[in-house]
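> Sequence and predicted structure below; questions after.
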Amino acid sequence: MCGIVGYVGHRDAQTVIIKGLKRLEYRGYDSAGIALLNKGLNVYKKKGKVSELEEYLVGKDLASTIGIGHTRWATHGEPNDVNAHPHYSSSKKLAIIHNGIIENYSSLKQELINKGHSFTSETDTEVLIHFIEDIQDNNQCSLDEAVRLALTKVVGAYAIVIMSLEDPNLLIAARKGSPLVIGVGKNEYFIASDATPIIEYTNEVVYLNDFEIAVINDGKLKIKTIEDAPMTPYIQKLELELEAIEKGGFDHFMLKEICEQPRSIKDCLRGRLDSQSGRLVLGGIREYVNKLANADRIIILACGTSWHAGLVAEYMFEEFCRIPVEVEYASEFRYRNPIVREGDMVFAISQSGETADTLAAIELAKSKGATIFGVCNVVGSSIARASHAGSYTHAGPEIGVASTKAFTAQLTVLSMICLIVAQKKGTITDQKFHEMLVELENIPAKVEKTLKLNDQIREIAYTFKDATNFLYLGRGFNFPVALEGALKLKEISYIHAEGYPAAEMKHGPIALIDEEMPVVFIATRDSSYEKIVSNIQEVKARKGRVIAVVTEGDKLIPGMAEFTIEVPAVQETLMPIVSVIPLQLLSYHIAVMRGCNVDQPRNLAKSVTVE
Ligand code: G6P
């Protein structure tokens with residue numbers, strides 16, 4: 001987490017950096033700061049959002065064509081002005097911004113304290129810049145050499161950018177485990193945690209790799225490794241459009257992203273699926289289809305919403321491919337001693353492609369010989385690059401912290417992979433395969449139709465906006481949807497919500513049900529329909545307030561539930577792509593009515609690059 005921006009060139013650095021930080025605010029918003037070279041190396045920082053920093057800067061002389069800026073998600077030290085980045089070195093001649101964690105910072109700090117250094121903040125970052133300066137002083141070497149030497153001693157994850165009072169044309173950046181993109185303009189360079197601050201100035205970028213150091217000096221970019229081996233910068237063209245990262249008339253990014261889903265799912269299917277000719281192709285996995293069809297087991301690694309997509313995929317792969325699947329929280333998998341056998345295939349699902357636990361879990365699985373398929377949204381992200389093969393979800397940038405369109409795009413990609421493997425394996429009939437292609441092609445239109453329920457869902461939200469607890473229940477393919485619905489609500493409205501398999505309710509949550517408890521059933525017509533109807537009755541018998549997501553035309557449940565939300569009929573394995581939509585809208589409206597910051601909920605970050 002944390003967003004970082006650097007600029008050197010001919011523009012007003014402050015303008016570029018503040019605009020860039022606002023685009024990166026989804027990565028953290030505890031505090032923000034900027035360093036500029038203007039009659040000295042000046043650092044300005046403030047607790048709170050970038051807008052608070054902006055207010056603080058009003059009236060100051062900030063003219064400068066070089067600078068660095070940071071928006072923070074606190075790891076070491078509480079969010080306040082002092083702990084905000086940038087941090088100065090001991091002499092105040094260097095300033096640094098950092099995303100990540102320096103794990104051995106306390107031993108480095110102690111060494112430096114013994115040498116007479118004193119620190120103003122509680123951060124690991126301040127220790128790093130003191131350490132770099134100390135190395136430079138002791139070795140009388142260049143700053144980039146001091147950075148390199150320091151990084152050989154650092155344990156942890158970092159993306160850093162450093163500037164120096166003594167060199168008005170120099171920016172040094174380095175990464176290990178946290179993303180960094182360098183935008184290459186005409187006599188100007190941009191550095192950022194992702195491409196969104198860069199896109200309006202240039203579409204030529206270099207993605208820095210782990211253990212690489214970029215030195216931008218006097219208009220030239222040089223890259224070397226931490227072992228001092230020179231690298232040739234590989235310039236790539238960005239395909240991101242500026243409008244994709246703006247709100248486009250919506251009140252919140254989350255609502256924009258919910259409403260974009262018919263298009264994002266279409267984008268995900270585009271060029272890959274054509275039901276008329278029976279064509280279903282995913283270029284990224286082509287070479288591995290045989291291996292997948294012969295897999296003894298599939299292991300899915302993910303966190304958060306992506307983990308919920310993994311659960312749906314488990315059910316799908318078992319249904320159509322008859323391959324055993326295990327869905328693992330990446331954070332648990334990486335610290336166990338998991339059994340990964342030859343013949344096991346691993347899927348890593350991640351919107352950002354930067355989640356630290358998922359990345360570490362991939363590395364562990366790789367070290368045990370597994371083949372990794374990435375299902376990522378962010379092109380060129382660390383997980384995409386660490387995978388042997390994979391498919392992008394092509395949902396476009398997702399900026400609201402609560403994941404919506406990335407989830408439905410993940411489900412779309414995973415269903416395509418599943419069908420390709422099932423066809424190869426011969427575990428699906430031609431007729432069923434064809435039916436599924438048609439069904440997938442129709443999903444965007446069904447999502448579109450479901451979005452028309454917005455006004456009805458807003459009214460339901462109004463009824464329940466003051467609830468203190470919510471229960472979400474589903475069975476089969478709708479069980480992960482119940483988990484996702486509960487996660488969406490708690491993330492953005494701070495209402496306690498639990499998702500449960502509907503039948504499992506009897507083993508605990510049923511004790512919570514009284515006339516105050518809203519219970520959302522995802523009860524569309526599928527193979528467990530009758531069973532879930534009984535579960536609804538059990539809740540009714542205890543006076544719970546039932547809100548049910550049902551299939552259009554359902555005659556039974558509307559007579560039992562206080563509110564019913566009717567979604568179009570969809571084949572049951574694909575139903576989660578549609579049945580999740582009302583739950584996204586419900587949590588969105590409740591959060592707005594409660595006055596919550598929907599796009600930037602407290603304590604959360606979009607891209608969790610720390611474990
Ligand atoms: C954070 C985000 C969630 C996301 C999870 C996993 O918690 O707030 O929306 O589901 O990370 O992120 P990933 O980028 O790996 O999908």
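All right, it came through fine.

> Please, which helix or strand holds the most centrally placed residue in the chain?
Among the residues of the chain, the one closest to the centroid is Ser352, at 3.7 Å (CA atoms, centre = their mean). Using DSSP states H and E, Ser352 is not contained in any helix or strand.

> Let me know whether it touches Ser607 as I believe.
Yes. Taking CB atoms under 8 Å as the definition, Ser352 is a contact partner of Ser607 at 4.1 Å. C-beta: built from backbone N, CA, C; applies to glycine.

> give the contact list for Leu574.
Leu574 sits next to 411, 415, 436, 439-440, 443 when contact means CB atoms under 8 Å, 6 or more residues apart in numbering.

> What of Val567?
Here Val567 is in contact with 446, 449-450, 453, 524, 549-552, 578-579, 581-582 (criterion: CB under 8 Å, 6+ apart).

> Let me see the confidence value for the residue of the stretch 51-200 of the chain found nearest the ligand.
Residue of the stretch 51-200 of the chain nearest the ligand, by CB to the nearest ligand atom: Trp73 (10.8 Å). For Trp73, the pLDDT comes out at 82.

> contacting residues around the closest residue to it other than its chain neighbours?
Take Trp73 and drop its neighbours on the chain: the residue closest to it by CB to CB, 6 or more residues apart in numbering is Gly28, 2.8 Å away. Gly28 is in contact with 1-3, 71-74, 605, counting by CB under 8 Å, 6+ apart.

> returning to what we had before: show me the contacts of Val567 that map onto helices.
Applying DSSP state H to those, the entries found in helices are 446, 449-450, 578-579, 581-582.

> Tabulate these in a markdown table, adding columns for pLDDT.
Listed next are these as a markdown table, based on pLDDT from 0 to 100:
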| residue | pLDDT |
| --- | --- |
| Lys446 | 98 |
| Lys449 | 98 |
| Thr450 | 98 |
| Val578 | 98 |
| Ser579 | 98 |
| Ile581 | 98 |
| Pro582 | 98 |
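
> do you know how far the residue in the chain that the ligand sits nearest to is from Gly6?
As assessed by CB to the nearest ligand atom, the ligand sits closest to Gly304 within the chain, at 2.7 Å. Distance, Gly304 to Gly6, by CB to CB, to the nearest Å: 29 Å.

> higher neighbour count, these two?
Gly6 (32 against 23; other CB atoms under 10 Å).

> any idea of the pLDDT on the closest residue to that one other than its chain neighbours?
Nearest residue to Gly6, sequence neighbours excluded (CB to CB, 6+ apart): Ile191, at 3.7 Å. pLDDT recorded at Ile191 is 98.

> swap in Phe333?
95.

> cool, Arg27 as well?
81.

> Is it correct that it is in contact with Val610?
No. In this structure, Arg27 is not within contact of Val610 by CB under 8 Å, at 11.2 Å.

> rewinding a little: closest one to Asp12 out of the ones in helices among the contacts of Val567, please.
Ile581 (42.7 Å; CB to CB).

> Pretty sure that closest one sits against Lys452.
No. Counting by CB under 8 Å, Ile581 does not reach Lys452; the two are 10.3 Å apart.

> higher neighbour count, the two?
Neighbours per residue, other CB under 10 Å: of Ile581 and Lys452, the larger number sits with Ile581, 29 against 8.

> quick one: contacts for that one?
Taking CB under 8 Å, 6+ apart, one finds 258, 261, 408, 447, 450-451, 567 in contact with Ile581.

> So which of Arg27 and Val610 has more stuff around it?
The residue with more neighbours, out of Arg27 and Val610, is Arg27; 26 against 18, by other CB under 10 Å.

> any idea what sits nearest that one, other than its immediate chain neighbours?
Nearest to Arg27 is Gly3, by CB to CB, 6+ apart, at 4.0 Å.

> partner residues bridging that neighbour?
With DSSP bridges as the criterion, Gly3 is bridged to Thr71.

> Run through the residues that contact it.
20-21, 23-28, 70-71, 99, 192-194.

> just to revisit the earlier point, tell me which of the contacts of Val567 is nearest to Leu62?
Ile581 (44.7 Å).

> Tell me how many other residues surround Leu471.
Leu471 has 24 neighbours, counted by other CB under 10 Å.

> Quick check, pLDDT for it.
For Leu471, pLDDT reads 96.

> That one against Met517, yeah?
Yes. Using CB under 8 Å, Leu471 is in contact with Met517, at 6.3 Å.

> Need the residues touching each of these two.
Gly544.

> and the stretch 301-450 of the chain, which residues reach the ligand?
303-306, 350-352, 355, 358, 401-403 (CB under 6 Å from any ligand atom).

> Next, check these against the helices and list the overlap.
Using DSSP H, the subset of those located in helices is 304-306, 358.

> Make a markdown table from those residues and add pLDDT to it.
As requested, these are exported to a markdown table (pLDDT from 0 to 100):
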| residue | pLDDT |
| --- | --- |
| Gly304 | 96 |
| Thr305 | 97 |
| Ser306 | 98 |
| Thr358 | 96 |
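
> I'd like to know which of those is nearest to Cys268.
Ser306 (14.8 Å).

> who touches the residue nearest to the closest one when sequence neighbours are not counted in this structure?
Excluding the flanking residues, the one nearest Ser306 by CB to CB, 6+ apart is Ile349, at 4.2 Å. Going by CB under 8 Å, 6+ apart, Ile349 touches 300-302, 306-307, 309-310, 313, 358, 375-376, 410, 414.

> Could you tell me which of the contacts of Val567 count as buried?
446, 449-450, 453, 524, 549-551, 578-579, 581-582 (16 or more other CB atoms under 10 Å).

> which residues of this structure score low on pLDDT?
Of all residues in the chain, those with pLDDT under 70 make up the ranges 1.

> which bits of it sit near the ligand?
Taking CB under 6 Å from any ligand atom as the contact definition, the chain meets the ligand at 303-306, 350-352, 355, 358, 401-403, 604, 606-608.

> quick one: which of those residues has the most company?
That'd be Ser350 among the residues of the chain next to the ligand, by other CB under 10 Å, with 35 neighbours.

> in terms of contact, does that residue touch Ser382 like I think?
No. Contact criterion CB under 8 Å: Ser350 and Ser382 do not qualify, at 9.1 Å.
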